[in-house]
Each structure stands twice: as structure tokens, then as C-alpha cells.
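Novice: Have a look; sequence and predicted model below, questions after that.
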Amino acid sequence: MTDWHVNPELLLDYEQGALDPSRVMAVDAHLQHCPRCRSTVRVDMRWLDDSWAVIYDGVHTHQPKGAERLLRRAGLPEHRARLLTATSALRWSWLGATTAVLTFAVVAANTGAAGARLALLIFLMVAPVLPVLAVATAYGPPFDPMHEITSATPMAGPSLVLWRAAAVVAASMAVGAVAAALLPGPGWWAVAWLLPALLLSVGSLALATVTTLPLGATLLGGAWLAGVGAVAAAVPGGQAREVIFGPSAQTGYLIAVIAAGGLLAVRRRRLDPGESR
Amino acid sequence: MAGARVDALQLLHRRHAPWLRARLTRRCADPDVVDAAVQDTFLAIWRDAHRYRETTSEAAAWIWTIAVRRLISNLRGPGHRWLGGPAEIPDSALLAPSAEEVVLMSVEHGDLGPTLDRLPPELRAVIQATALDGLTVREAARLLGVPEGTAKTRLMRARARLRELLA
């Protein structure tokens, strides 16, 4: 643009900050448009290498993708998002299993109109167990090949279990909700299983402060299935659904959830899936 | 593919980092902040390289606008390193040299130089940030550590003063 160029003395003064303000501005403006003068700026190779090393690291660090980015968007801190998405193989196995079971339930319920009432009852009985199953099998000694390494890290312990359990329950409940919406039948029955599911999940975690998580979950899930099975067998006809999932029963579940939550809060330090008792 | 792109970034870094450092040092005396700004600049270029279009403008001007914004966001402290998220890289079409820049390039020859030197420092700093660095008044205010309204008034006063001195 001009035939004027920055000479070496001027550039040296510029680098050392010894120029008049107006000349600094002139050099600024000139440097931006003149590749030749830009290339004459003194290069400190060591500084350049150090700077490049940092950039190189930055370029090669992990960039969040897919589910992790979604969780980050939702406001979860970086390390939590990473934690929840770290064991992807396990995540897919239990999510796949849950989806498959619920798909069968929906298909079975939709095939015969006569069997619909029975199918709904069976769905309501089985659905609460699925999140528990997911909690028990997704992480922990027998199922997670990484558990020994995980439990040696500073983040192991109660909060790890709770975060993972919360993620698992949220995901399997979402799948369950879709299945419930697809089931034929009147209105609010579609959500009647949510409170028992919450009770069984929190209850399993509370039991895990006494025994291991898989054992606690098995005990509680088994007790639930045996209990509702017994009620269904004892109560005639279509009454079973009202007895197990009616308003009074739901109130009872809610109280039990609060009690289990309280127990969990009190004994949370005992919650550690890495320990065998 | 990734390897070739990293090499290209390294070439860009080798070509532009030295003068960026020199020019940023004229804006901020803290070498650590300057270094961090240079590094952030090239990382931002790495992530948003697709937003630059070769034909529209000079790469140096584009890189400079990124660098000076990185410097400002670094000056705000580590908690606010990314001012407006990744969307703040300017469109390269907007970076044609402004009339003020062309004038500034002739400082060496005309009587603009002494005039600029006679301008009070705080007024000159605003002119420098807006006309030369291509910052908005708001960003200039942040770089200079004054409220936005103050920067706006100073810019108006600086322009009036220049007009007066050059008349």
C-alpha cells in the first residue's frame, strides 16, 4: 500500500517499547498489512517451541462428543459428564436390555385386547424392577471390568455410586415412560409404576450400605416381585391393580421412599461398590 | 488428514506468532497473559478454521482480531476465558482496512504523528483500540478497564480533538 517499510532499528524500538505512541500505531498498522515486515520480527525459537507445545497439546486433547456434549449443554460440570459417559459399553448393554424387555411388554399388550388388562398389570409389576436391575448391573464388581481401577481413584465412593445410579435410573425411566405411553389403557396407569420404581432404586442403594449393591438390589427386587405376585394371586379379578397401585398404596410408597432416602443420607459413607463385605 | 492439518497450523503459528507476540506486548505488559492469548488464538483457529474464507481478506488481519479478543478475555481472569463462546470469531469479510487505518499507515510521512502524540494518553488508547485493533467500543472498554460509557465519551472526545488539531 505504501513504499514505506519498518526498518530494523524501528522494529527493535517497537519490540522494546521505546517508541512514540504514534509511531507504535504506525508500526501496528503496517505490520498487519505487510508480510515482509512481519517476517522480520525477531523470533525467539525457544518461546516459539514452548508456545507450539501448548497448542499441540490443546489440539490433541479430548473434545466432548455426543452424549457427553449433550450433558455439558444441560449444565453438568465437565468431570461429571465425562464420568457418566465413560463406560459406554456397559451403558449400551443395559439400555439395550431395558429397551428389549419393554418392547416385548408393549407388543404383548397390543396383540390381544382380551389380554390387555393382564398385560398392563404385568407391565406395572415388572417395570419398577427394571431401573433397579439397571442400577445393580450397570456398575460394580461383577459387571464393571474397570471397577478395581475405578475404586482406586480419588473419586470412588458414595458420590460415584449415586451419580451413576441417578444416570441409570433417569435413562431407564425415560425408556419406561415411552413404553407406558404406548400401552393401551386408561390415563394415569401409565405413570403408576414411577413411584415404586423410585422406591426400589433408592431402597437398593440404602440396602447397599449394609450389603453389596447387586445383592441388595436382588433382595429388594425379588421381594417386590414376590409381594405383588402374591397380592395378584390372592385378590380376585381386576382388583389387584387397584390394590397394588391405588392411591393408598402410592402414599405408602412415597413414605417408604422418604424413609429409604433418609437412611441413605445417614449411612452414605458406607456406600462403596468397590468393597466386598 | 489430521496430521496434515496440524502441520498447516504449525506453519501458521511459526509465521504469525512472533509478530502477534510483539504487537500484543504493546497492549499488555504481562508476558504470561500475552503467551496465553497467543496460544488461545491458534487453538481458536484450529477449531474454527472453516469459518475463514481465503479470498475475502488477509489472514493476518483475521488472526489479529482473534488474538486481541483472546487477550481481552484472558485479562478478565481464568473464570471467564471464553467471552462469548466459540461464536465470537469475526467474519473475515468484515476485515477490510478501514479509512482510519489507511490514514494511520501514513503517520510516518504526514503531520498526523505529532498530532497523535499530543493527544492525551487515555484518548489515544481508545483510538488505538477501536481504529487499529478493530475492537468494538465495548471490547475496547474492557481492554482499558473502564466502563463502556466512559470509552464511548473518550472516543468522541478523541475524534473531536484530532479534527481540531489537524484543522
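Specialist: That came in fine, so what should we check first? Everything numeric in this text was worked out from a predicted model, so none of it was measured.

Novice: Report the buried residues of the helix or strand hosting residue A:215.
Specialist: Using DSSP states H and E, residue A:215 sits in helix A:213-234. Residues A:213, A:214, A:216, A:217, A:218, A:220, A:221, A:224, A:228, A:231, A:232 are the ones in helix A:213-234 that count as buried (16 or more other Cβ atoms under 10 Å in any protein chain shown). (Glycine included, C-beta is placed from N, CA and C.)

Novice: ok, now stretch A:40-56?
Specialist: Buried, per 16+ other Cβ under 10 Å, within stretch A:40-56: A:40, A:41, A:48, A:51, A:52, A:54, A:55, A:56.

Novice: send the alpha carbons of the helix holding residue A:215 over as PDB?
Specialist: Extracted C-alpha coordinates of helix A:213-234, given in PDB (Å, rounded to 0.1, in the frame of the first residue of the first chain):
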ATOM      1  CA  LEU A 213     -25.300 -53.300  45.700                       C
ATOM      2  CA  PRO A 214     -26.200 -56.300  43.500                       C
ATOM      3  CA  LEU A 215     -27.300 -58.400  46.500                       C
ATOM      4  CA  GLY A 216     -29.300 -55.500  47.900                       C
ATOM      5  CA  ALA A 217     -31.000 -54.900  44.500                       C
ATOM      6  CA  THR A 218     -31.700 -58.600  44.100                       C
ATOM      7  CA  LEU A 219     -33.200 -58.900  47.500                       C
ATOM      8  CA  LEU A 220     -35.400 -55.900  47.100                       C
ATOM      9  CA  GLY A 221     -36.400 -56.600  43.500                       C
ATOM     10  CA  GLY A 222     -37.200 -60.200  44.400                       C
ATOM     11  CA  ALA A 223     -39.200 -59.100  47.400                       C
ATOM     12  CA  TRP A 224     -41.200 -56.700  45.200                       C
ATOM     13  CA  LEU A 225     -41.900 -59.300  42.600                       C
ATOM     14  CA  ALA A 226     -42.900 -61.900  45.200                       C
ATOM     15  CA  GLY A 227     -45.100 -59.400  47.100                       C
ATOM     16  CA  VAL A 228     -47.000 -58.200  44.100                       C
ATOM     17  CA  GLY A 229     -47.200 -61.700  42.700                       C
ATOM     18  CA  ALA A 230     -48.800 -62.900  46.000                       C
ATOM     19  CA  VAL A 231     -51.200 -60.000  46.000                       C
ATOM     20  CA  ALA A 232     -52.200 -60.600  42.400                       C
ATOM     21  CA  ALA A 233     -52.800 -64.200  43.200                       C
ATOM     22  CA  ALA A 234     -54.800 -63.500  46.400                       C
END
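
Novice: Where does the prediction get shaky in chain B?
Specialist: Residue ranges of chain B with pLDDT under 70: B:1-3, B:50-57, B:76-111.

Novice: ok, which stretches of chain B are helices?
Specialist: Here chain B has its helices, by DSSP state H, at B:2-25, B:31-48, B:59-75, B:99-105, B:112-118, B:121-127, B:137-144, B:148-166.

Novice: Looking at those helices, which is nearest to residue A:73?
Specialist: Closest to residue A:73 of these is helix B:31-48 (Cβ to Cβ; 16.8 Å).

Novice: Quick one: end-to-end length of stretch B:44-63, please.
Specialist: The first and final residues of stretch B:44-63 sit 10 Å from each other (Cα to Cα, to the nearest Å).

Novice: For the stretch 101-250 of chain A, just list every one of the helices.
Specialist: For the stretch 101-250 of chain A, the helices defined by DSSP state H, counting those that start in this stretch occupy A:116-126, A:129-138, A:147-151, A:158-182, A:194-207, A:213-234, A:239-245, A:247-266.

Novice: buried stuff in the last one?
Specialist: In this case it means helix A:247-266. Those would be A:249, A:253, A:256, A:257, A:260, A:261, A:263, A:264, for helix A:247-266 by 16+ other Cβ under 10 Å.

Novice: would you list those residues in a markdown table and tack on pLDDT?
Specialist: Supplementary listing: the buried residues of helix A:247-266 in a markdown table, determined by pLDDT from 0 to 100:
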| residue | pLDDT |
| --- | --- |
| A:249 | 82 |
| A:253 | 86 |
| A:256 | 88 |
| A:257 | 86 |
| A:260 | 86 |
| A:261 | 86 |
| A:263 | 86 |
| A:264 | 81 |
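
Novice: Out of those residues, which comes closest to residue A:78?
Specialist: residue A:264 (26.6 Å).

Novice: Wait, the closest one touches residue A:209, no?
Specialist: Yes. In this structure, residue A:264 is within contact of residue A:209 by Cβ atoms under 8 Å, at 6.9 Å.

Novice: Filter the buried residues of stretch A:40-56 down to the ones in strands?
Specialist: Cross-referencing those against strands under DSSP state E gives no overlap.

Novice: ok, now how distant is residue A:100 from residue A:175?
Specialist: Applying Cβ to Cβ, to the nearest Å, the value for residue A:100 to residue A:175 is 10 Å.

Novice: who has more neighbours, those two?
Specialist: Taking neighbours as other Cβ atoms under 10 Å in any protein chain shown, residue A:100 and residue A:175 compare with residue A:175 leading, 19 against 10.
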